[in-house]
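here's my sequence, what's the structure:
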Amino acid sequence: MSTVSVRIDESLVSAARSAAKAEFRTVQGQVEFWAKVGRAALDNPDLPASFIAESLMSMAEPREESTPFVPRSATKA
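Down below sits the predicted model:
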C-alpha cells in the first residue's frame, strides 16, 4: 500500500487524534475509517451512519475472535 500526503484542517486532525485515542487507532487510521464510513453513507443514504460504522468495524474483526450468530428462536427451548 502506498501513502500520499494530504493537507487536512488542523481542527479535523485534532478531532481525529481524540477519536483515535478513544478507539485505539492511529490518527491516520481514524481519518481512513471516517472516510470509509462517509463513502458508505453516501452509497447507502437509507442506512444510519452508526449502523455503517458498526458494520465496518465488525467486518474488520478477526474471524477467530468473532462470536457465532445464534438466532433467538434457537435459545428458547
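
and S11, helix, strand or coil?
helix (DSSP: H, G, I helix; E, B strand; the rest coil).

okay, now it: neighbour count?
Number of residues near S11 (other CB atoms under 10 Å) recorded here: 8. (Each C-beta comes from the backbone N, C-alpha and C, glycine too.)

same question for Q30.
21.

now swap in the one 4 residues further on and tell me
Counted by other CB under 10 Å, the residues lying close to W34 total 15.

list the residues that contact it.
Counting by CB atoms under 8 Å, 6 or more residues apart in numbering, W34 makes contact with A16.

need the pLDDT of it.
Predicted confidence (pLDDT) for W34: 94.

separation between the closest residue in space to L56 that isn't next to it in sequence and V70?
Distance criterion CB to CB, 6 or more residues apart in numbering; nearest residue to L56, sequence neighbours excluded, is K36 at 5.8 Å. With distances taken as CB to CB, to the nearest Å, K36 is found 29 Å from V70.

check which helix or strand covers the residue nearest to L56.
helix 27-43 (DSSP states H and E).

could you do V6 as well?
Going by DSSP H and E, V6 is not in any helix or strand.

burial of the residue nearest to L56, as a residue count?
For K36, the count of nearby residues is 14 (other CB under 10 Å).

that one contacts M59, correct?
No - using CB atoms under 8 Å, K36 is not in contact with M59, being 10.0 Å away.

could you report the pLDDT at the residue nearest to G29 when sequence neighbours are not counted?
The shortest distance from G29 to any non-neighbouring residue, by CB to CB, 6+ apart, is to A20 (6.6 Å). Looking at A20, its pLDDT stands at 95.
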